[in-house]
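> Got a predicted structure here, sequence first:
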Amino acid sequence: MKTLIIAEHDNSALKAGTLNAVAAANAIGNPVDILIAGFQCDTVTEQAQKVAGVSQVLTANAEHYQHQLPEEIAPLIVAQSDGYSHILAPATTSGKNLMPRVAALLDVQAISDIQAVVSPDTFERPIYAGNVIATVQSSDAVKVITVRATAFDPVDNTSGSASATSIEALAALGVSSFVEEKIAESDRPELTAANVVISGGRGLANSENFGLLYALADKLNAAVGASRAAVDAGFVPNDMQVGQTGKIVAPELYIAVGISGAIQHLAGMKDSKVIVAINKDEDAPIFQVADYGLVADLFDAVPELSAKL
Amino acid sequence: MKILVPIKRVVDYNVKVRPSADGTGVDIANAKMSINPFCEIAVEEAVRLKEQGVASEVIVVSAGDNKCHEQLRAAMALGADRAIHIDAPNSLEPLAVAKCLKAIIERESPELAILGKQSIDGDNNQTGQMLAALWGVGQGTFASSVKISEGATWVTREIDGGLQTVKLNLPAVITTDLRLNEPRYAKLPDIMKAKRKPLATITLDELGVDGTVRVTTTKTAPPAQRKAGIKVASVDELIDKLKNEAKVIP
Ligand SMILES: Cc1cc2nc3c(=O)[nH]c(=O)nc-3n(C[C@H](O)[C@H](O)[C@H](O)COP(=O)(O)OP(=O)(O)OC[C@H]3O[C@@H](n4cnc5c(N)ncnc54)[C@H](O)[C@@H]3O)c2cc1C
Ligand SMILES: Nc1ncnc2c1ncn2[C@@H]1O[C@H](COP(=O)(O)O)[C@@H](O)[C@H]1O
């Protein structure tokens, strides 16, 4: 049996999370194929062929796959699923949107957000906002899985030599259509890929003050994230939210500024290698997970830190 | 237009849950229970659609033991018209829940189902997508804005890169993200009124759904513990530690 990885891409580049999913597939142990559904996405196919350890890249090219709507892609995956015991995608918003639909069409119970492979049918995954790690065993014939990227080191994407096959697109279902996308443009490192992440919370008080974090981020080549409270208050956009229901990050260095440390926030960052917390309340729960805690007013400490680095 | 709103009874989000000592489950015996926060947002959205005259009836449904009556009543206090309790083990998995919901949909013919994006106990984030698959309709997951007109819904979705808007023909499934709305608090008269609203019970057998667990939990454990950290006295000390002890900055 083989493992099928559903590529995450934007029709021009293969997204990094796909490489973490391949790493999880390698831990399962079967030969690995990648499926790409898109429109005019030849460069993605070429990139996928170079991913280490991949045997075959299957590409379905059709206009109705351009935005990879799950209504269209899920039946395509099901049509290709013969011979695969495992179907994996990264646990990003696209993977989470797509894979349960695939699982339901295959009549199997999906497994979300695995962080370890124990054996081909047994996996570890966080539940209750990461306060409990469950080991789960699937009795279904096909395992449909999303992979937590931070738990698997990405495989090399230069040394592979997979074959490329084009596969037939299915007729469009047409129950849904793409209207528009507002993608945040930034020249900073991406939140889930950065070595250093600086996140701000309600303590920042307004959107202008996030400028203090950007100044510090420039010094450290860091990405900037936020707590839900900062997003809800409109200081920053939703794609910056770190946590149980936002993005999961695990950088070398995470600096939490003006964040109290709610369970839901910790769920998104507590696997970071080194955690720094700057908070004026010495009893803030964030200090319980911080390697280095600085009890200070952020409006003094952050500019000082930027100036001294 | 009828709207179906599936809600789940879960441990309140303020409770820090721990694995049980024997490593086979979780310690939640006396924990405070609530409506899953995302489901509360789903109820609020449906009730607002009714208040705007877009929806005619809001039906809440929950699968689990009898205790979920409490959450069904709470949802009716927020404005849902009636409730259906699917009598089932609390261990029912998303696929089986989705099958139950599909069977309810066949009986009730709603034009919209609004679910939470994720239940905060299992953190699965699956049921809405599965229901949409079984129903053969479009799915607007992680919604931060919903508009309905002329047989379709425009859903703005929170995605990793920003926001995406899709148009779905009705019927459709929507799952809520946190910023879709801020749920109201139930007023005392509404809580009283909710006690008299209809609550029907139906079994898995009647719905023709097999609730056998397919993904079993064989072990539960606490997450890797972080070693205790220290407090630094100044920015200078912090920089020194990061450079020379943790070696995470040059
Ligand atoms: C279902 C659900 C899902 C959720 N998902 C997430 C999620 O994914 N991510 C997330 O982050 N939250 C999430 N939350 C919200 C979470 O529960 C908290 O409400 C939120 O994380 C709090 O954000 P905060 O720490 O910025 O704000 P607060 O808790 O208000 O903390 C602000 C902190 O700033 C400090 N401060 C204030 N001024 C200063 C100053 N001048 N200098 C230094 N320190 C200062 C204060 O001491 C305080 O500790 C979720 C909640 C629910 C119900
Ligand atoms: N037992 C249940 N009863 C009713 N609705 C449920 C149940 N389980 C899940 N749901 C719905 O599905 C959503 C997503 O749950 P999940 O897929 O478990 O993360 C929840 O927010 C509910 O709207």
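Looks like it arrived, so ask away. Ligands and ions are numbered 1, 2, ... in the order given.

> hey, C-alpha coordinates of stretch A:229-236 in PDB?
Provided in PDB are the C-alpha atoms of stretch A:229-236 (Å, rounded to 0.1, in the frame of the first residue of the first chain):
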ATOM      1  CA  ALA A 229      -7.800  39.600  22.100                       C
ATOM      2  CA  ALA A 230      -5.500  41.700  19.900                       C
ATOM      3  CA  VAL A 231      -7.200  40.400  16.800                       C
ATOM      4  CA  ASP A 232     -10.700  40.800  18.100                       C
ATOM      5  CA  ALA A 233      -9.900  44.400  19.200                       C
ATOM      6  CA  GLY A 234      -8.900  45.100  15.600                       C
ATOM      7  CA  PHE A 235      -5.200  45.900  16.400                       C
ATOM      8  CA  VAL A 236      -4.100  43.400  13.700                       C
END
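
> what kind of secondary structure is the closest residue to B:L199 other than its chain neighbours in?
Excluding its sequence neighbours, the residue lying closest to B:L199 (Cβ to Cβ, 6 or more residues apart in numbering or on different chains) is B:A83, at 4.4 Å. Every C-beta, even on glycine, is put in place using the N, C-alpha and C of the backbone. Recorded secondary structure, B:A83: strand (DSSP: H, G, I helix; E, B strand; the rest coil).

> Where does chain A get nearest to ligand 2, residue-wise?
At 7.3 Å from ligand 2, A:P100 is the closest residue in chain A, using Cβ to the nearest ligand atom.

> Show me what secondary structure element comes after the helix or strand hosting A:L88.
A:L88 is part of strand A:84-90 when elements are defined by DSSP states H and E. Toward the C-terminus, strand A:84-90 is succeeded by helix A:93-105 as the next helix or strand (DSSP H and E).

> Centroid-nearest residue for chain B?
Taking Cα atoms, centre = their mean, the centroid of chain B lies closest to B:G116, which sits 3.3 Å from it.

> Tell me who's in contact with the one residue in chain B that gets nearest to ligand 2.
Distance from ligand 2 to each residue of chain B (Cβ to the nearest ligand atom) is smallest for B:G116, at 2.3 Å. Each residue near B:G116 by Cβ atoms under 8 Å, 6 or more residues apart in numbering or on different chains is listed here: B:7-8, B:36-42, B:128, B:175-176.

> Would it be right to say that B:V97 lies in a helix?
Yes - under three-state DSSP, B:V97 sits within a helix.

> my guess is it contacts B:P6, does it?
Yes - counting by Cβ atoms under 8 Å, B:V97 touches B:P6, with 7.2 Å between them.

> between the two, what contacts are shared?
Contacts common to B:V97 and B:P6, judged by Cβ under 8 Å, 6+ apart, are B:63, B:127.

> so what's the residue nearest to the centre of chain B closest to, chain neighbours aside?
Nearest one to B:G116, counting by Cβ to Cβ, 6+ apart, is B:F38 at 2.7 Å.

> Which pLDDT value goes with the one you found?
Listed pLDDT for B:F38 reads 98.

> dump the residue contacts of the residue nearest the centre of chain A.
By Cα atoms, centre = their mean, the mean C-alpha position of chain A lies nearest to A:T92, the distance being 4.1 Å. Residues in contact with A:T92 (Cβ under 8 Å, 6+ apart) are A:8, A:15, A:17, A:149, B:160.

> which of those has the weakest pLDDT?
Among the contacts of A:T92, B:D160 has the weakest pLDDT, 89.

> wait, doesn't it sit right on A:Q241?
No - B:D160 is beyond contact range of A:Q241, at 10.4 Å (criterion: Cβ under 8 Å).

> which one of these two has more residues nearby?
Neighbours per residue (other Cβ atoms under 10 Å in any protein chain shown) separate B:D160 from A:Q241, with A:Q241 holding more: 28 against 23.

> any idea how far B:L238 is from the residue of chain B closest to ligand 2?
From B:G116 across to B:L238, the span is 40 Å (Cβ to Cβ, to the nearest Å).

> Kindly report the same for B:A228.
Distance, B:A228 to B:L238, by Cβ to Cβ: 17 Å.

> Neighbour count for those two, which is higher?
B:L238 (22 against 9).

> Now for the closest residue to the more buried one other than its chain neighbours, how many residues are close by?
Distance criterion Cβ to Cβ, 6+ apart; nearest residue to B:L238, sequence neighbours excluded, is B:V232 at 4.7 Å. By other Cβ under 10 Å, the residues close to B:V232 number 22.

> repeat for B:L78
24.

> hey, where'd the strands end up in the stretch 1-150 of chain A?
Counting by DSSP state E, counting those that start in this stretch, the stretch 1-150 of chain A has strands at residues A:2-6, A:32-38, A:54-61, A:84-90, A:111-114, A:116-119, A:122-127, A:132-138, A:143-147.

> deepest of these, which one?
strand A:143-147 (a mean of 28; mean count of other Cβ atoms under 10 Å in any protein chain shown).

> Can you tell me what sits against stretch B:242-250?
So stretch B:242-250 is contacted by A:196, A:220, A:252-253, A:273-274, A:276, A:291-292, A:309, B:239 (Cβ under 8 Å, 6+ apart).

> can you redo the strands of the stretch 1-150 of chain A as a markdown table with mean pLDDT?
Output for the strands of the stretch 1-150 of chain A, formatted as a markdown table (pLDDT from 0 to 100):
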| stretch | mean pLDDT |
| --- | --- |
| strand A:2-6 | 98 |
| strand A:32-38 | 98 |
| strand A:54-61 | 98 |
| strand A:84-90 | 98 |
| strand A:111-114 | 98 |
| strand A:116-119 | 98 |
| strand A:122-127 | 98 |
| strand A:132-138 | 98 |
| strand A:143-147 | 98 |
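
> possible to save those strands as CSV with distance to ligand 1?
Shown next, in CSV, are the strands of the stretch 1-150 of chain A (distance: least, Cβ to the nearest ligand atom, whole Å):
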stretch, distance to ligand 1
strand A:2-6, 24
strand A:32-38, 29
strand A:54-61, 33
strand A:84-90, 18
strand A:111-114, 13
strand A:116-119, 22
strand A:122-127, 13
strand A:132-138, 16
strand A:143-147, 17
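
> and those as CSV, adding distance to B:G211?
Output for the strands of the stretch 1-150 of chain A, formatted as CSV (distance: least, Cβ to Cβ, whole Å):
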stretch, distance to B:G211
strand A:2-6, 29
strand A:32-38, 32
strand A:54-61, 35
strand A:84-90, 24
strand A:111-114, 18
strand A:116-119, 25
strand A:122-127, 19
strand A:132-138, 16
strand A:143-147, 19
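
> Touching, B:Q126 and B:A96? I think so.
No - using Cβ under 8 Å, B:Q126 is not in contact with B:A96, being 11.1 Å away.
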